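Visitor: predicted model and sequence below, questions to follow.
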Amino acid sequence: MTRLTPVDPASATGPTKEVLDQIQKKMGRVPNVFALMANSPAAVKGYLAMNEALAGGSLDALMRERIAITAAEVHACEYCLSAHSQMAKAAGMSDDELFKARQSQSSDAKADVGLTFVRNILLRRAEIQDADIKDLHEAGYTDGEIAELIANTALNLFTNYFNIIAQTENDFPKVALAFPA
């Protein structure tokens, strides 16, 4: 049972209604995470703004989904794993690549190094070594792309923690954690 009360999009007003209408229009529905997050229009708007900004960055949709899937497995967030598995498949990710992302890996050499970095950020609580940055540069990452790896990791940290704390009811096709805590 969720720990927060979802905002009913049908009865929402003001800024909350505006943001939920925007989500409804874009996604065709209001997923539970946004109904809960909408208790604070500032929180949901902040998430949406950062997500939109990063979607216009250097990392493509598949890499952003790989990061989300890696983070969900590391944090044992079944809601995010389920949501991002569906989005990754919609973006064209193969089942094999999806499973690799769940292990912080990729068959693409550059993406593999990036996911190792993401996992290290999460597990080491951002205590990154010079060698980690060197590995990224050697794999072909620019400083801008490294900044986006960090930003995408932070965005997913927020949604993982939000859903774990709120105990968001999963309204996506359920994907069980491969490595439950």
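Guide: Good, I have the coordinates.
Visitor: show me the domain layout of the chain.
Guide: Per automatic domain parsing, the structural domains of the chain span 14-55, 61-166.
Visitor: so which of those domains is the most surrounded?
Guide: Greatest average neighbour count among these goes to domain 61-166 (a mean of 18), per mean count of other Cβ atoms under 10 Å. Yep, even glycine has a C-beta here, placed from its N, CA and C like the rest.
Visitor: Asp8 is nearest to which of the domains of the chain?
Guide: If you check each of those against Asp8 by Cβ to Cβ, domain 14-55 wins as the nearest, at 7.5 Å.
Visitor: report the distance from stretch 171-181 to the chain centre.
Guide: Here the centre of stretch 171-181 is set off from its chain's centre by 14 Å, with Cα atoms, centre = their mean, to the nearest Å.
Visitor: CA atoms only for the longest helix belonging to the chain, dumped as PDB, please.
Guide: When the chain is parsed with DSSP state H, its longest helix is helix 143-166. Extracted in PDB, the C-alpha atoms of helix 143-166 (Å, rounded to 0.1, in the frame of the first residue of the first chain):
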ATOM      1  CA  ASP A 143      33.300  15.900 -20.500                       C
ATOM      2  CA  GLY A 144      29.800  16.900 -21.600                       C
ATOM      3  CA  GLU A 145      28.700  13.300 -21.900                       C
ATOM      4  CA  ILE A 146      30.300  12.500 -18.500                       C
ATOM      5  CA  ALA A 147      28.200  15.400 -17.100                       C
ATOM      6  CA  GLU A 148      25.100  13.900 -18.600                       C
ATOM      7  CA  LEU A 149      26.000  10.400 -17.200                       C
ATOM      8  CA  ILE A 150      26.100  12.000 -13.800                       C
ATOM      9  CA  ALA A 151      22.900  14.000 -14.300                       C
ATOM     10  CA  ASN A 152      20.900  11.000 -15.600                       C
ATOM     11  CA  THR A 153      22.100   9.000 -12.700                       C
ATOM     12  CA  ALA A 154      21.000  11.700 -10.300                       C
ATOM     13  CA  LEU A 155      17.500  11.900 -12.000                       C
ATOM     14  CA  ASN A 156      17.100   8.200 -11.600                       C
ATOM     15  CA  LEU A 157      18.300   8.300  -8.000                       C
ATOM     16  CA  PHE A 158      15.400  10.700  -7.300                       C
ATOM     17  CA  THR A 159      12.800   8.500  -8.900                       C
ATOM     18  CA  ASN A 160      14.100   5.300  -7.400                       C
ATOM     19  CA  TYR A 161      14.100   6.800  -3.900                       C
ATOM     20  CA  PHE A 162      10.800   8.500  -4.400                       C
ATOM     21  CA  ASN A 163       9.100   5.200  -5.500                       C
ATOM     22  CA  ILE A 164      10.800   3.100  -2.800                       C
ATOM     23  CA  ILE A 165       9.800   5.600  -0.100                       C
ATOM     24  CA  ALA A 166       6.300   6.200  -1.400                       C
END
